[in-house]
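>>> Kindly generate the corresponding structure for this input.
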Amino acid sequence: MSESVLDRVVCVPCGAPLDPRPPVPACAACGERYARVGAIPVLLPRPAAHVELWRRQLALLLANGTETRAGLEAVAREPGVLPEGAARLAAMARAVGDQVDDFAALLGPALGGPLDEPANGLPRGVVEYSYYLFRDWGWPSSSAASENEEAFAALRAVAPGALGRLLVLGAGGCRLAYDLHRRAGVVETAVVDIDPYLFVPAEAVVRGGEVKLTEASLNVVDPEHVSAAWTLRAPDGPLDGAAFHFFLANGLAPPFAEATFDTIVTPWFIDRVPTDLPEFLATLRRLLRPGGRWLNQGPLLYPPETPFPRRYSRDEVVALATAAGFEVGPVDAASRPYLLSPLTGAGKIERVLTFAAVRSSSGP
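Below you'll find the predicted structure:
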C-alpha cells in the first residue's frame, strides 16, 4: 500500500512523526496528546485549550442568541411600532434563534457542549464566515453555482493536469477542495483550517450528510427576505476519510513532513493570514516536492492593521515568490462576484488574482 498523507503528519511541538488515526493521537517522542472535534483531529499547540475556547464561544453564541431574540421580541411589542414593523422584528427574532439553534445542534455534540463561562468573542465561523457554507453547499441560485464553478475553472486554467496529492490551506467551507478532489486528478487531499464552526458542518456535508443551516439577515428590505433555511449537501456524492482528510491546524505551520504534497492551494489566504509572507512562502516550498505547484487564488485586500510595507502588490508577491524558489506563471486578474446571497440579493465584486507557481529544484 502506498504511503498516505496520514503517514506524513508530524507533532506540532517537536516535529516527530505522529499517527493521527487513533481516537486520541499521541506523540511517542514528546508525549503531546491531541483532542478531536467530532472526527477531526486538533493538531494545534495546546489542543485542549483550543477546544475549551471553542466550547466557551458556543456558550457565548447561545447566550447572545437568547439575548438578541428577546430584545427583538420586546421591541416588537413597544407602542408606536407599525404592525408591519412588529411582524418584521418578530421574524428577525425567530431567524436569529433558528440560526443559533442550527449551529448549536451541529457543534454541541462535536465539541462536547458549551462551557458555563463564555468567551470574550463570538465564533467567526458563525458571525463572519457562515456565508461560505451557504455558498459552497446550500444556495440553489445560479449565482452560487457560478461562483464555485468560476473559482474551479480559474485554477484549472493556470494549473492543468493532475494535481496529485493536494493540501488546501484555509479551506473554510471546503467546496473548492471538494471540486478539485473530484475533478482535477487528485489522489489524496488534506484540508486545513482553524475554525471548527466551518469545518464541522463542512466535514458532515463532505461525508454525505444533509445539514440544515439557517441564513438570517438583519438588513431586511422585504419581509420574505428575513431568513432562509438551506439544506447543505455535496452535489457529486460523499468522500470518505480514506483520501480526503480534515485537520484543525495552523495554516501558517501545517503539521506535515517536508516534500509531502504535489500541490498546495491558498484560497483567499495570503492577504489575510500571514504576517510574514516571505516566511510563509518558505513553508510552502518546504512542504512541496520539487516540481510541485503552489496555486493561489484571491484578492489582495489586507486587514487595516497590516503595515503598509507588507501590503504587497501583485508584482511584489511574484517577486517574493521568485526569491523563495518558485517559478511563477501568468497571473490572471479578473473581477468576480463574491458571496452573492439569493436571500438578500447582496454580495461583493472582488478583483481576484489566480496563478500557479512551480517549486524549482534549486533555490533557498
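>>> Quick check, pLDDT for Pro223.
Note on Pro223: pLDDT of 75.
>>> residues contacting the nearest residue to it once chain neighbours are set aside?
Nearest residue to Pro223 in three dimensions, chain neighbours excluded: Arg88, at 6.0 Å (CB to CB, 6 or more residues apart in numbering). C-beta: built from backbone N, CA, C; applies to glycine. Arg88 sits next to Val220, Pro223, Val226 when contact means CB atoms under 8 Å, 6 or more residues apart in numbering.
>>> One more: Glu52?
Contacts of Glu52 by CB under 8 Å, 6+ apart are Leu115.
>>> Adjust the sequence numbering to begin at 779 for everything that follows.
Sure, I'll start counting at 779 from here, so that last one is Glu830.
>>> Next, work out how far apart it and Gln877 are.
24 Å (CB to CB, to the nearest Å).
>>> How about Ile1042?
Distance of Ile1042 to Gln877, computed by CB to CB: 33 Å.
>>> go on, Leu1079?
Remark: distance between Leu1079 and Gln877 (CB to CB) = 26 Å.
>>> Would you mind telling me which of these two has the busier surroundings?
Applying other CB atoms under 10 Å to Leu1079 and Gln877 shows that Gln877 carries more neighbours, namely 20 against 13.
>>> Could I get the full set of strands for the stretch 929-1078 of the chain?
942-947, 964-971, 989-994, 1005-1010, 1022-1027, 1039-1045, 1066-1076 (DSSP state E, counting those that start in this stretch).
>>> Strand partners (parallel or antiparallel) of the last one?
In this case it means strand 1066-1076. strand 1039-1045 (parallel), strand 1126-1137 (antiparallel) (DSSP bridges).
>>> quick one: average pLDDT of the first one?
Yep, that's strand 1039-1045 we're talking about. Mean predicted lDDT for strand 1039-1045 stands at 98.
>>> what residues does it touch?
Contacts for strand 1039-1045 (CB under 8 Å, 6+ apart): 929, 933, 937, 941-950, 954-955, 958, 964, 968, 1062, 1065-1067, 1070-1076.
>>> can you rerun that using 6 Å?
Residues outside strand 1039-1045 that contact it (CB atoms under 6 Å, 6 or more residues apart in numbering): 941-947, 954, 1062, 1065-1066, 1070-1076.
>>> What's the local residue count around Gly939?
With other CB under 10 Å as criterion, Gly939 counts 10.
>>> In the helix or strand of the chain with the lowest mean pLDDT, which residues are buried?
Least confident helix or strand, the chain: helix 920-936 with a mean of 87, by mean pLDDT, DSSP states H and E. By 16 or more other CB atoms under 10 Å, the buried positions in helix 920-936 come out as Ser921, Ala922, Glu925, Asn926, Ala929, Phe930, Ala932, Leu933, Arg934, Val936.
>>> Kindly report the same for stretch 877-889.
Gln877, Val878, Asp880, Phe881, Ala882, Leu884, Leu885, Ala888, Leu889.
>>> for stretch 857-869, same thing?
Neighbour count says stretch 857-869 has Arg866, Leu867, Ala868, Ala869 buried, by 16+ other CB under 10 Å.
>>> Counting neighbours, what do you get for the residue lying closest to the second one once chain neighbours are set aside?
The spatial neighbour of Leu867 that comes closest, neighbours along the chain excluded (CB to CB, 6+ apart), is Ala854 at 3.7 Å. Ala854 sits with 18 neighbouring residues when counted by other CB under 10 Å.
>>> pretty sure Ala854 is touching Ala868, no?
Yes. Between Ala854 and Ala868 there is a contact under CB atoms under 6 Å: 5.0 Å.
>>> Domain-wise, how is this structure divided?
Taking automatic domain parsing as the criterion, the chain consists of the domains 783-889, 906-1137.
>>> still on that earlier bit, any chance of the buried residues of stretch 877-889 in TSV, with distance to Pro798 and secondary structure too?
Listed next are the buried residues of stretch 877-889 as TSV, based on distance: CB to CB, whole Å; DSSP: H, G, I helix; E, B strand; the rest coil:
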residue	distance to Pro798	secondary structure
Gln877	32	helix
Val878	31	helix
Asp880	29	helix
Phe881	26	helix
Ala882	27	helix
Leu884	22	helix
Leu885	21	helix
Ala888	17	helix
Leu889	19	helix
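>>> out of the residues you listed, which one sits closest to Thr1038?
Ala888 (26.8 Å; CB to CB).
>>> Help me confirm that that closest one comes into contact with Pro979.
No. With contact defined as CB under 6 Å, Ala888 does not reach Pro979; the gap is 9.6 Å.
>>> Could I get the pLDDT score of Pro1142?
Note on Pro1142: pLDDT of 64.
>>> try Pro918
So Pro918 comes in at 84 (pLDDT).
>>> How about the secondary structure of it?
Under the three-state scheme (DSSP: H, G, I helix; E, B strand; the rest coil), Pro918 adopts coil.
>>> so what's it up against?
Applying CB under 6 Å, 6+ apart to Pro918 gives no contacts.
>>> now Ala869
With CB under 6 Å, 6+ apart, Ala869 has these contacts: Val1004.
>>> pretty sure it belongs to a helix, no?
Yes. Assessed by three-state DSSP, Ala869 belongs to a helix.
>>> how close does the spatially closest residue to Ala1112 that is not a sequence neighbour sit to Asp1049?
Spatially, and ignoring its direct neighbours in sequence, Ala1112 is nearest to Val1130 (6.0 Å; CB to CB, 6+ apart). Val1130 sits 11 Å away from Asp1049, going by CB to CB.
>>> And for Asp957?
Taking CB to CB, one finds Asp957 at 22 Å from Asp1049.
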